Each structure stands twice: as structure tokens, then as C-alpha cells.
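J.: Next input, structure requested:
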Amino acid sequence: AFSAIRGKSNIDVERQNLRMLISVIIASYNSEATIERCIGSLGNQITNAEFEVIVVDSSTDETPGIIKRAFPDVTLVRLDERTFQGPARNIGIQRAKGDILAFMDADCVAPPNWLSNIIRAHESQFHVICGSVRNGHPESLVSWAEFFFAASEYLEHAPRRCVKVAPGCNMSCKRKVFEECGFFPDTYRLEDMLFSQNVLENGHQILFEPSICVYHLYRTRLKDLLSREVLSGRILGRTSKRQKMKGSVLYKNRLFCLAFPFIKTYLPFIRILRWDRKLIRRFLRALPLLFIALSATTFGLITASLSNENL
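T.: As a prediction, this is how the structure comes out:
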């Protein structure tokens with residue numbers, strides 16, 4: 001098991017079950033630039049609970065070597081072929097020993113109270129819980145652009161409430177959820193949305209608890225963001241043809257697709273006005289890049305609508 005750094009917690013450590021085991025599962029692909037910060041942040045957790053860290057990695061870069069050298073106590077599952085987030089997490093679930101399974105991405109960093117807040121949240125009746133997301137590269141406008149369209153629903157000052165989608169970069173579940181609802185689907189992206197739909201359809205609710213926070217190390221180069229969004233749009237369009245999804249009418253219809261950048265710009269703005277007006281200035285500065293990125297997503301959507309290619 002991964003050795004936690006133990007110390008006095010500021011959130012009632014006496015309530016924590018000292019015998020509780022939590023499994024932290026990280027799906028990784030070519031994460032050499034961020035994996036050390038990611039796993040290192042888990043070593044700084046202030047908690048009296050036992051936890052293990054499982055990394056399921058299909059990288060072609062130096063990621064596995066970094067893990068072996070710097071974190072010998074981490075369970076590293078090496079895969080020979082590129083594996084998407086959903087199937088990689090499923091492999092981690094099957095290897096995990098904990099009753100609570102916590103998920104974060106290889107390009108995320110957890111503050112010291114992350115696990116403690118997860119434990120406290122799971123004392124509620126909710127079996128699926130997600131948390132807030134902060135921008136890990138606050139100096140980059142490109143990073144802010146990606147943050148606003150990817151994470152505006154999960155702002156740190158947003159209220160505690162039930163949501164329809166749990167972001168896989170900061171999510172935890174009781175093991176029984178996967179027994180009842182099935183595992184993550186084998187898709188490139190959208191696995192969080194499709195898994196969340198299954199959770200809701202099986203009678204569970206998803207709790208958003210803002211105190212459970214991660215810092216996401218979003219992209220800092222516009223070229224990288226645009227290429228990702230073109231591909232994301234294509235996959236979103238193809239998946240909406242095959243599966244029932246929230247907003248699928250918008251993705252399938254070519255004319256409606258043109259409204260995509262405007263809708264996806266409007267929603268973050270409204271959320272910021274409601275929950276965190278201090279971000280308005282950053283939002284306005286990042287707005288041109290945000291609209292360009294969403295236009296790239298739209299291009300991918302339209303390309304998918306013109307193609308008969310399957311996932």
C-alpha cells in the first residue's frame with residue numbers, strides 16, 4: 001500500500017475509520033510531464049486512513065520508469081497497447097482492494113485534504129461523489145480557456161448539490177456502484193458522461209462536494225488544445241449517433257452544431273456570474289481563445305456528421 005504522510009488533520013480525524021482502505025486509481029498515457037507531481041501529491045495526504053495507489057499505464061514515454069524510480073510502493077499495471085481512460089480505470093477497479101474507489105487523472109494534483117474530504121463525504125447516503133476542479137496553470141490564458149468550457153460546472157465556490165455528470169478527474173465511488181451499474185465504457189473520452197448516465201438510470205444520485213478539490217494541469221499551447229478539440233468533436237458526434245446522450249440533438253444536426261460555441265460560451269459565463277464573480281475578468285481575457293477552441297470542437301462535430309466512420 002502507498003504510504004500516506006500522517007499528521008493532524010483539520011477535519012475531525014477521530015471520525016475516520018482507521019481500518020478503512022481507499023484505492024486511488026489513475027489511468028495514465030504518456031504522462032511523463034505531470035505524473036510525478038500527481039502521485040507526489042498523494043504522498044502528502046493528511047489522513048489516518050490507509051490507502052493504496054494504482055496506476056494503469058499504457059505509455060510509450062518515460063512515465064513507467066518515473067513511477068518505478070520515484071514511487072516503488074505504487075501498484076503499476078503496465079499495458080502493451082494504448083488503452084483509453086474507461087478500460088484502464090476498469091482494470092484498476094479489478095485490482096483494487098478498497099471499498100471506496102477514488103479516481104483522478106494523471107495531469108491532476110490533489111491538495112493534502114483531498115482524501116480526508118472524500119472520506120467525510122462518503123459518510124453520507126451518496127455512493128457516487130465528485131468534487132471541484134481548479135486551474136493548475138493559472139498563468140496561461142490557453143489553460144483558462146480549456147478550464148472554462150471543461151470545468152465551469154465544478155467551480156470551487158459552486159454549491160453542494162446533485163449533478164448529472166461526475167468528472168473522472170475527481171470522482172469517488174463505493175465499490176457496490178460498479179456491481180450495480182457496470183463499469184466505464186470503452187470510448188475515447190465521454191466515458192464519464194456515459195458512466196454517469198448509467199448511475200442515474202440505476203437509481204443513484206451523484207453528489208457534488210466542492211471541498212473535494214483537485215488542480216487540473218490543463219494545456220498551455222493553443223495548437224495542442226485545438227487538435228484535441230477537433231478530435232473531441234468528431235468523437236462526440238460519432239458517439240451521439242450510436243448512443244442516447246444528453247444534448248444529442250445538438251450534436252447530430254449540422255445547423256444546431258453551429259450553435260455549439262455560443263451555447264458552450266454562454267453556460268460558463270452564467271455559472272461564473274452565479275458562483276464566482278472574481279473569475280469574470282479572467283473569463284473575458286480568455287474568451288477569444290475559448291471561442292476558437294469551441295469552434296474547433298464544432299468543426300469536429302460537423303466532420304462527424306458528414307462521415308459514416310464508426311468509433
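
J.: From here on, just use CA atoms for contacts and neighbour counts.
T.: OK.

J.: Going by contacts, tell me the helices and strands next to the host helix or strand of Ser143.
T.: Following DSSP states H and E, one finds Ser143 within helix 141-151. Contacts defined by 3 or more CA pairs under 8 Å, 6 or more residues apart in numbering; DSSP states H and E place helix 141-151 against strand 128-135, helix 222-242, helix 260-275, helix 280-305.

J.: pLDDT of that helix, averaged?
T.: Looking at helix 141-151 alone, the average pLDDT works out to 97.

J.: out of the helices and strands packed on helix 141-151, deepest packed?
T.: strand 128-135 (a mean of 25; mean count of other CA atoms under 10 Å).

J.: Contact partners for the nearest residue to Ala145 once chain neighbours are set aside?
T.: Distances taken as CA to CA, 6 or more residues apart in numbering place Leu290 nearest to Ala145, at 4.6 Å, with adjacent residues excluded. Residues near Leu290 by CA atoms under 8 Å, 6 or more residues apart in numbering: 142, 145-146, 148-149, 265.

J.: Can you tell me how far Leu290 is from Ser59?
T.: 29 Å (CA to CA, to the nearest Å).

J.: Skipping its backbone neighbours, what lies nearest the residue nearest the centre of the chain in space?
T.: Closest residue to the average C-alpha location of the chain: Cys169 at 2.1 Å, with CA atoms, centre = their mean. In this structure, Cys169 finds its nearest non-sequential neighbour in Met104, 4.1 Å apart by CA to CA, 6+ apart.

J.: Ramachandran coordinates for the residue nearest to the centre of the chain?
T.: phi -70, psi -10 (degrees, to the nearest 10).

J.: Distance of it relative to Leu101?
T.: Counting by CA to CA - Cys169 and Leu101 are separated by 13 Å.

J.: repeat for Ile118
T.: Using CA to CA, Ile118 is found at 10 Å from Leu101.

J.: could you point out the longest strand in the chain?
T.: Ranked by residue count and defined by DSSP state E, the top strand of the chain is strand 206-216.

J.: what angle sits between that one and strand 128-135?
T.: Relative orientation of strand 206-216 and strand 128-135, computed by axes from the mean of the first three to the mean of the last three CA atoms, to 10 degrees: 30 degrees.

J.: For Val214, which residues are in contact?
T.: Counted by CA under 8 Å, 6+ apart, Val214 has contacts 108-111, 114, 131-134, 169-170.
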